[in-house]
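generate coordinates for the sequence data below:
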Amino acid sequence: MIAFDTNVLARVLLGDDPTQTRVAERRFLECSKGSGVFVGHVVLAELAWVMESGYGLSAAQVRERIASLVRTQGVFVPDLEVVFEALRRDAAGTANLSDYLILEAARSAGAHRLLTFDKKLAREPDVELAV
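Below you'll find the model as predicted:
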């Protein structure tokens, strides 16, 4: 299995640099059909930020692309249920996907509360505004 960094997956998902996109797509296809592609939670959070902040995609477009990526055969994401719950909560909530990935990973690890200065995220159950 080969881990893919955010910048390589961004080329696959956005196709914004023709030369790098060709390389990234070729390697993604080779690896997903071969030993597998590892995509960590941090990479997913960075991808969400890059797509929304850097490329102006809507939250719905970001969710769609992330969901498609993690459902791709040959792609391995640890604790995939954490990602799906974060995607679900992002669709219904007021915070952003990165926040929900943090929250759901914390819950999965056994944390009962998340402390934050993010007022939008603090509206969620089991999230406490640091005061």
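
could you use CA atoms for every contact and neighbour count after this?
Fine.

what's the burial count for the closest residue to V77 other than its chain neighbours?
Excluding its sequence neighbours, the residue lying closest to V77 (C-alpha to C-alpha, 6 or more residues apart in numbering) is V39, at 5.2 Å. The number of residues packed around V39, counting by other C-alpha atoms under 10 Å, is 20.

who's in contact with V39?
Taking C-alpha atoms under 8 Å, 6 or more residues apart in numbering as the criterion, V39 is in contact with A3, F4, D5, V75, F76, V77, P78.

so the spatially most central residue of the chain, which of the three states?
In the chain, the residue lying closest to the centroid (C-alpha atoms, centre = their mean) is L44, at 2.5 Å. What DSSP: H, G, I helix; E, B strand; the rest coil gives for L44 is helix.

distance of the residue nearest to V77 relative to L103?
Distance check for V39 against L103: by C-alpha to C-alpha, to the nearest Å, it reads 18 Å.

now L44
Relative to L103, L44 is positioned 14 Å away (C-alpha to C-alpha).

list the contacts for R89?
Taking C-alpha under 8 Å, 6+ apart as the criterion, R89 is in contact with Y100.

over to stretch 91-98 now: how far is its first residue from its last?
12 Å.

got the contact list for it?
Outside stretch 91-98, the residues that reach it (C-alpha under 8 Å, 6+ apart) are 44-46, 48-49, 59-60, 63, 86-87, 90, 120-121, 124.

do the same with stretch 51-65
Among residues not part of stretch 51-65, those counted as contacts by C-alpha under 8 Å, 6+ apart are A10, L13, A48, L87, A91, N96, L97.

which non-adjacent residue is nearest the second one?
This means L13. What sits nearest to L13 in space, not counting adjacent residues and going by C-alpha to C-alpha, 6+ apart, is R65, at 7.1 Å.

the residue nearest to the centre of the chain is in contact with A67, isn't it?
No: using C-alpha atoms under 8 Å, L44 is not in contact with A67, being 10.1 Å away.
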